[in-house]
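Undergrad: I would like to see how this sequence folds:
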Amino acid sequence: MPKFLRKSLSELADQIIGARTYSVDRNFPPELAPYEDSWDDLLENLEYLKEKLGADRYVQLVDMARQAKHHFDAGHVAGGINWEIKLGARLMQDMERLVGGKQPVAYPTELYRWGLTAAKPTQH
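TA: Next up is the predicted model:
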């Protein structure tokens, strides 16, 4: 069970924004889960909201979250604010848009591995 259970897509979008913001420098506030735990929490909340997201959008968001974390991890190894961290942040912006049923726009198109047409939002 996630530390902070998200019960709506709006709350999930808020979690994505928070994770993106604090993952840049891994400086998570003490009241939130630390860096590694926050990513686990995000994946668990995606699973919890799978029905509201729909199967295709859920699979895409899980893959995007894992890819974003990969970018953040690679960026932290390199040090400083670098291209990998920026890619992770941009991918999470697209995750936020996808949760809201919007077209992704931030992540570079030439690196995009997912369909560019957002799934129709599931009614909730």
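
Undergrad: In the chain, which helix is the longest?
TA: The residue-count maximum for a helix in the chain (DSSP state H) belongs to helix 55-78.

Undergrad: Which strands and helices lie in contact with that helix?
TA: helix 9-23, helix 35-48, helix 83-99 (3 or more Cβ pairs under 8 Å, 6 or more residues apart in numbering; DSSP states H and E). Using the backbone N, CA and C atoms, a C-beta is placed for each residue, glycine as well.

Undergrad: Which residues does it contact?
TA: 20, 23-24, 26, 39, 42-43, 46-47, 49-50, 53, 81-89, 91-92, 94-95, 98-99, 113-115, 118-119, 122 (Cβ atoms under 8 Å, 6 or more residues apart in numbering).

Undergrad: try 7 Å
TA: Outside helix 55-78, the residues that touch it by Cβ atoms under 7 Å, 6 or more residues apart in numbering are 23, 26, 39, 42-43, 46, 50, 53, 82, 84-85, 87-88, 91-92, 94-95, 98-99, 114, 119.
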